[in-house]
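**Student:** Below are the sequence and a predicted model; questions follow.
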Amino acid sequence: MRPIHLDAVTPEEIRAARLHNPGAFGMSPGRRTLVGCIMAAVLAVLVWLHIAYGLTPARLLSPDPRAGLLLANFFDWSNFASFAQADIFRSLGETIAMAFIGTSLAAIVALPLAFLAARNVIPAFIIRFLTRRTFDVARGIDQIIWALIFISAVGLGPLAGILAIFISDTGTFGKLFSEAIENTERGPVEGIQSVGASPVTVQRYALLPQVLPVYVSQALYFFESNTRSATVLGLVGAGGIGFELISRWQVMRFDEVAYIILLILITVATIDQISRRIRERLIGAVNQ
């Protein structure tokens with residue numbers, strides 16, 4: 001585009017510049033409308049908070065003095081020697097076991113079911129439809145709701161947490177794995193079919209190797225994620241470190257609460273690093 005001289009700008013040049021770089025001439029009417037709607041929504045929320053809860057800038061800038069005392073208790077570990085270390089680490093082990101068992105069972109069950117939901121494996125619409133709707137129900141209900149249901153069925157403890165993770169992750173894994181199967185390359189499938197292989201053989205040697213990296217990666221990621229989820233499940237009675245956390249919060253043992261939160265962060269970070277290295281090794285070996 002040739003330079004435009006300000007002393008001799010024609011209307012045609014202005015229109016050309018506006019078409020070439022509309023952002024330099026201000027926001028479009030649609031964008032101005034969007035910004036206005038967002039600002040109006042924010043203002044409406046602030047007004048509602050003020051009316052419903054009396055939230056004002058002065059109240060935000062002058063927090064409750066008990067907040068400072070709470071923070072001070074969080075970092076006062078002078079009674080560290082009296083912490084119930086055995087109960088805390090036992091519950092932390094329960095949390096890791098809940099996440100590992102629930103995730104492993106879900107991955108094992110979801111893989112064969114994913115083939116039933118894949119369009120390029122099962123031509124019958126009704127089978128795919130029922131399988132996919134089953135996945136929707138399993139993953140559509142939050143893990144906490146599943147945990148409450150299983151607590152009523154099997155009682156308090158880690159078993160309810162394992163079942164909640166298992167049911168929820170089966171639906172999620174099934175959806176992810178079925179989509180990965182549908183996106184596989186047709187070349188290996190047609191090559192194995194050309195030699196007269198059975199459908200099971202085709203799925204074993206043509207489809208499964210292609211989806212195995214996704215399978216391994218997702219399973220390891222969900223194990224790390226479910227370690228955090230299992231902590232939350234413990235807050236509603238599904239066992240694990242969450243139960244220890246909420247019990248100490250209720251009796252205002254905030255120093256132990258801070259210690260448990262630190263252990264959870266360290267555990268999740270450690271599992272994340274370990275699973276990342278396993279993903280790199282396994283997926284690299286699969287792709288070689």
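**Tutor:** Ah, there it is.
**Student:** what ranges of the stretch 51-200 of the chain fall below the confidence cut-off?
**Tutor:** 57-70 (pLDDT under 70).
**Student:** So which residues of it form helices?
**Tutor:** Remark: helices assigned in the stretch 51-200 of the chain by DSSP state H, counting those that start in this stretch are 57-61, 65-74, 85-117, 125-140, 143-154, 158-182, 186-193, 199-202.
**Student:** Now distance to residue 15 too, for these, in TSV please.
**Tutor:** (C-beta placed from N, C-alpha, C; glycine too.) Listed next are those as TSV, based on distance: least, CB to CB, whole Å:
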stretch	distance to residue 15
helix 57-61	46
helix 65-74	58
helix 85-117	53
helix 125-140	51
helix 143-154	57
helix 158-182	46
helix 186-193	50
helix 199-202	60
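**Student:** Which among those is found nearest to residue 16?
**Tutor:** When these are compared by CB to CB, helix 158-182 sits nearest residue 16, at 45.4 Å.
**Student:** Just the pLDDT for residue 265.
**Tutor:** Residue 265 is assigned a pLDDT of 89 by the prediction.
**Student:** what's the distance between it and residue 88?
**Tutor:** 14 Å (CB to CB, to the nearest Å).
**Student:** Between those two, which has more neighbouring residues?
**Tutor:** residue 88 (18 against 11; other CB atoms under 10 Å).
**Student:** Hmm, residue 243 and the more buried one touching each other?
**Tutor:** No - using CB atoms under 8 Å, residue 88 is not in contact with residue 243, being 10.8 Å away.
**Student:** Give the residues shared as contacts by the two.
**Tutor:** Both residue 88 and residue 243 lack any common contact, where contact means CB atoms under 8 Å, 6 or more residues apart in numbering.
**Student:** Pull the number of nearby residues for the spatially closest residue to residue 221 that is not a sequence neighbour.
**Tutor:** Ranked by CB to CB, 6 or more residues apart in numbering and with sequence neighbours excluded, the top spatial neighbour of residue 221 is residue 275, at 6.9 Å. If you count neighbours by other CB under 10 Å, residue 275 ends up with 20.
**Student:** Residue 31 now?
**Tutor:** Neighbours of residue 31 (other CB under 10 Å): 11.
**Student:** so how far is residue 38 from it?
**Tutor:** According to CB to CB, residue 31 and residue 38 sit 11 Å apart.
**Student:** closest to residue 249 out of the helices of the stretch 51-200 of the chain?
**Tutor:** Among these, if distance is taken as CB to CB, the winner is helix 65-74, at 10.8 Å.
**Student:** Point to the residue nearest the middle of this structure.
**Tutor:** By CA atoms, centre = their mean, the mean C-alpha position of the chain lies nearest to residue 225, the distance being 6.5 Å.
**Student:** Give me the pLDDT value at that one.
**Tutor:** 86.
**Student:** What strand or helix carries residue 267?
**Tutor:** helix 254-287 (DSSP states H and E).
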